[in-house]
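> predicted model, plus sequence, below.
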Amino acid sequence: MLLRRFLMATKGQKSIYQEHLPLETIVEKLNNGDLLKSNLRIHQKKNRFAFLANPVKSERDILVEGENQNRAFNGDLVAFEILPKKDWKLNKSELLTSLIGNSSREADLPIMGQDEIRFQGKTYNAMNVEDKYLQKTAKVVGIIEKVHPRKAMGYGKVYNKNYALFSPLDSRVPRMLIPLKEFPKGFAERPNDFADNLMIGLVKRWELNGKFAMGSLLKSIGGDKDDLVVAATEGILTENDLDDSPFPDDIDAEIPDFEIKPEDVAKRQEFDFRKKCVFTIDPATARDLDDACSVEEISDGLYEIGVHIADVSHFVYPGTTVDDIARERTTSVYLVQRVIPMLPRKLCENLCSLNPGVDRFSFSVVWTMKKDGTVLSTKFGKSLINSCCKLHYEHAQDMIEDPDREFEEGYLPKIYNGYTYTDLSKKVNILHTIAQILRKQRKESGSISIQQCKIKFSLNMENGMPSGLGSYKSKESNKLIEEFMLKANVSVAEKLVEHYPDNAIIRRHVGPKENVLKDTKKLLTRMGIEVDTTSSKMMQEALNKLQLAPNQPTPVGLVVASLLAKCMSLATYHSSGEFDSPVDYFHYGLSMELYTHFTSPIRRYPDLIAHRQLQAILEGKKKSPMDFDEVSELAEVSSQKKYASKLASDKSGELFLWLFLREQVTMHEAACVVEIGSESIDVLVLRYGIQVRIWRDYIGEKVEFQSKEKEWVHITWPEDGDKPKCSKRYELLDNVVVIMKAGKQLFKINGALPRPDSTNDVHVPSVEGFATEDV
């Protein structure tokens, strides 16, 4: 009733947006070439600006402004048409550089208009300059697929007697009018009591003349200090459309009990590793152990090396409830304070987990390999293992750094099956030596690892709140495991595509977005840094030159890595039959012709698909257990869910950083200037790899802020008690101290600069980059 009244009241008003074309018309126009399609990317801070991938890879992305977004949401697959050239945007900075070069004569100074430049008596606009100085613009004419879940976390306030105005924390989601009757009792009468109450809203419709969308309140999730983490986490999961619901109570009854039958032993006889020295290396907190390694010396310089992966397919059958849920989730979600598993804990922490001292079903890739990494043969098979030890990365690292060390009793975990610390240390070091060679070969072929800092938290055991900050460090022990997991994934990918060329599950990475990379290269040149971006190998060589030591980038190196990371597209899952040529299977980041995910079936559903396809091959089946359409659909959903999981994980980190700063009041950190605007400075916090914006208003009262956008800023502080007036000029890549504070709004981090004459200088830390490969 309320909605009908609202629609009647707005009837006859001028439309802000245009009607979406029917899907049938869109398909016809796409086939005719009259329309284009792409996923819409709305700017996180300036939501009037959105972008679409340009079909011409070398050109800038296409700009979609304001109403031309036409009620599409971030991530949606949309149909669009290019606007006339007169509506394209002039790239003023590039045109200016071309027009005036290094000239500083006053007569040569241009006059800037909104959409034009007047220079030496001539006016330059979209209609009379070369296309290379223009950015194409477009309008959305229809939505092909609603990728965005239309849900958002935010706050509500009374709008009128019938509606509340819901304002999402994510500015890319429109504000929405929600009937007051859907809000908690007392909301309309005592709105201040609910000012800090987090809520989740759902956009239900967005009319052609709607300044606001029309929505519904899904849930009021609270937000008091005691339950803020729970409330905010629920909001993060909901707006990323990630399932956090408990598994059905009766699901354990569907899961087979662990039992090794005689027929299992017979089938896996060739791959029975239970009496061999198999072990796991994982983080200290890991509970779902899905990969193990083994190495046996066959003869001098020749080894049998095995990668043994949890055999989830032995317990999870297609068409069962547990498989349906895993297929729907497609991935585990890793938040700061907890994990949302893809599989029930009975499976991921018990039956499937390769825990030490117990028999386990596994799926193995076994190579006969020379000490120089040359593979003489590869075989695959369902296997049995009994891991002799659950090593942590720290344990393996100690063995690498001091192979002959005698460990004090109780330092290492219990070792089973009659093996000793000496046995383990010897095998870890054999694998480490070969892994170093494999890694070197991969780097020489063009693989790129962008070293960035990654923040981690220490949590209070009593209340779960953050009590400390640190950064992850990637050691040689991490790289050892990564290298052999990569090798296993490549070996399986080759096997799958060889037998099922039309529907093998593969992992593809198309590399950097050319237009973004082009702009980044120009920015780096302006900073005085030359980076050859013609190939991944050349970029890696440039990054290597900006290191103090391996894995220790300089501050400038961290900035360059951060900028290059933003140029990279995301790796995605596909069915091999989606492409006309095997060339299109290429994984840019790893510089590999073929790649898939096989090594983590406990937490990724595409790995389980790979297991089932590989087993079908070993059984001699000419037909894949999943057809092209099924693999393609699951690959697309898995890519979307993996990205959503990453967003949720990142947002969880932002939440805990905000909570930590809220208790700390302020924190001084070494940073590096990465961007200068007309009213702000962006800095990269070196220790944690996060970017913070410093608005002029947060620097201090009566501060003078003069800047040449993208080049320098001159800040003047007034007298302050016995401190005289002082000033300082900041340029790109300058080392600064940033004062970090928690803003009033959830997730919001405010940055400020101390006065140059203050004593707040901090030591620029020697930091280690953390680069995890696509394993």
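Now that the structure is in, tell me what you want to look at. Residues are numbered from 1 along each chain as shown.

> only C-alpha atoms for contact and neighbour calcs from this point on.
OK.

> how about low-confidence regions in this protein?
1-13, 97, 99-114, 120, 223-226, 709, 759-772 (pLDDT under 70).

> all helices for the stretch 151-300 of the chain, in order.
228-239, 251-254, 262-267 (DSSP state H, counting those that start in this stretch).

> buried residues of the longest one, list them for me.
What it means is helix 228-239. 228-229, 231-239 (16 or more other Cα atoms under 10 Å).

> look through this protein and tell me its longest helix.
Counting residues, the longest helix found in the chain (DSSP state H) is helix 628-664.

> show me how far that helix is from its chain's centre.
Between the centre of helix 628-664 and the centre of its chain there are 7 Å (Cα atoms, centre = their mean, to the nearest Å).

> now the next helix or strand after that helix - C-alpha only, PDB.
Tracing the chain C-terminally past helix 628-664 and defining elements by DSSP states H and E, one meets strand 667-676 next. Only the C-alpha atoms of strand 667-676 are listed here, as PDB (Å, rounded to 0.1, in the frame of the first residue of the first chain):
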ATOM      1  CA  MET A 667      49.100   5.400  15.700                       C
ATOM      2  CA  HIS A 668      52.100   6.900  14.100                       C
ATOM      3  CA  GLU A 669      53.500   5.000  11.100                       C
ATOM      4  CA  ALA A 670      56.100   5.400   8.400                       C
ATOM      5  CA  ALA A 671      54.500   6.000   5.000                       C
ATOM      6  CA  CYS A 672      55.300   7.000   1.500                       C
ATOM      7  CA  VAL A 673      53.400   9.600  -0.700                       C
ATOM      8  CA  VAL A 674      51.700   7.800  -3.600                       C
ATOM      9  CA  GLU A 675      49.200  10.400  -4.800                       C
ATOM     10  CA  ILE A 676      48.600  14.100  -4.500                       C
END
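
> now the angle from the helix or strand containing Lys741 to helix 628-664?
Here Lys741 is covered by strand 735-742, with elements defined by DSSP H and E. For strand 735-742 against helix 628-664, the angle by axes from the mean of the first three to the mean of the last three Cα atoms, to 10 degrees is 90 degrees.

> helices and strands around strand 735-742, which ones?
helix 628-664, strand 667-676, strand 749-752 (3 or more Cα pairs under 8 Å, 6 or more residues apart in numbering; DSSP states H and E).

> got those as TSV, with distance to Cys726 and mean neighbour count columns?
TSV is the format used below for these (distance: least, Cα to Cα, whole Å; neighbours: other Cα atoms under 10 Å):
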stretch	distance to Cys726	mean neighbour count
helix 628-664	28	19
strand 667-676	20	22
strand 749-752	16	22
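
> now those in JSON lines, with distance to Tyr605?
Output for those, formatted as JSON lines (distance: least, Cα to Cα, whole Å):
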{"stretch": "helix 628-664", "distance to Tyr605": "7"}
{"stretch": "strand 667-676", "distance to Tyr605": "38"}
{"stretch": "strand 749-752", "distance to Tyr605": "35"}
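
> out of these, nearest to Thr123?
Relative to Thr123, the nearest member of those by Cα to Cα is strand 667-676, separated by 27.9 Å.

> just want the angle from that closest one to strand 735-742.
Using the same axes, to 10 degrees: strand 667-676 against strand 735-742 is 110 degrees.

> give me the next element, helix or strand, following strand 667-676.
Using DSSP H and E, the helix or strand that follows strand 667-676 towards the C-terminus is strand 680-685.

> parallel or antiparallel, list what pairs with that following strand.
Strand 680-685 has the following sheet partners, assigned by DSSP bridges: strand 667-676 (antiparallel), strand 690-695 (antiparallel).

> of all the helices and strands packed on strand 735-742, which one comes closest to Lys440?
Nearest to Lys440, of the helices and strands packed on strand 735-742 and by Cα to Cα, is helix 628-664 at 28.7 Å.

> name the helices or strands packed onto that closest one?
Helix 628-664 packs on helix 228-239, strand 333-334, strand 466-471, strand 572-575, helix 605-618, strand 735-742, going by 3+ Cα pairs under 8 Å, 6+ apart.
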